[in-house]
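Q: no sequence for this one, just the structure:
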């Protein structure tokens with residue numbers, strides 16, 4: 001969209017340490033910020049017929065405040081893009097596979113989460129470091145409700161809500177995201 005600008009930086013807060021955390025969780029060192037500034041309305045020239053003044057009175061057209069800009073997101077391989085709101089999950093937190101995060105606002109905190117067991121990290125297909133995405137908790141209730149993250153997922157996406165004490169077995173590397181209260185471990189299959 002005309003009026004969308006992009007600025008690349010290491011982020012507004014945290015500087016180099018935050019950038020290194022992003023790299024450790026499968027993201028880029030630098031981030032791109034997109035800002036939309038609506039184009040200025042056209043100027044309308046008019047002259048006064050009852051007045052011998054040769055100067056023109058310039059009036060700006062009313063600006064439409066409902067105009068929004070569009071930024072398209074893409075992934076490195078064909079994938080699905082999941083739009084999730086952190087406020088819908090316990091502790092406003094998601095644990096994601098390394099590199100799953102695609103986009104979100106600056107109010108999203110990305111931290112390292114670690115697998116709970118050695119076998120989970122070594123044989124689990126995700127590695128020892130996972131991405132923890134959580135609400136920063138700063139801002140108004142409206143801002144907290146708008147903390148949307150976009151994740152990339154390859155293949156068929158199935159959302160599964162586990163019952164208490166329910167176990168779900170999935171192939172390693174197939175887990176895109178889970179809530180912070182899910183226990184994750186790796187076992188071998190018999191046969």
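A: The structure has been received and is ready for your questions. On a predicted model such as this, the values are computed, not experimentally measured, just so you know. Residues are numbered from 1 along each chain as shown.

Q: next structured bit after the helix or strand bottoming out on mean pLDDT in the chain?
A: The weakest-scoring helix or strand in the chain, judged by mean pLDDT, DSSP states H and E, is strand 57-60 (a mean of 40). Going down the chain from strand 57-60, the next helix or strand is strand 80-85, by DSSP states H and E.

Q: where in the protein is pLDDT low?
A: 11-15, 22-26, 28-29, 41-67, 115-128, 137-146, 172, 186-189, 191 (pLDDT under 70).

Q: can you tell me the SS state at residue 34?
A: Secondary structure assignment for residue 34 (DSSP: H, G, I helix; E, B strand; the rest coil): strand.

Q: who's in contact with it?
A: 4, 5, 6, 69, 71 (CB atoms under 8 Å, 6 or more residues apart in numbering). The C-beta positions use only the backbone N, C-alpha and C, and glycine is treated the same way.

Q: the second one against residue 35, yeah?
A: Yes. With contact defined as CB atoms under 8 Å, residue 5 reaches residue 35; the gap is 5.3 Å.

Q: about what we covered before: would you reformat the contacts of residue 34 as CSV and include distance to residue 20 and neighbour count?
A: Converted to CSV, the contacts of residue 34 look like this (distance: CB to CB, whole Å; neighbours: other CB atoms under 10 Å):
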residue, distance to residue 20, neighbour count
4, 29, 12
5, 27, 10
6, 23, 9
69, 31, 15
71, 26, 12
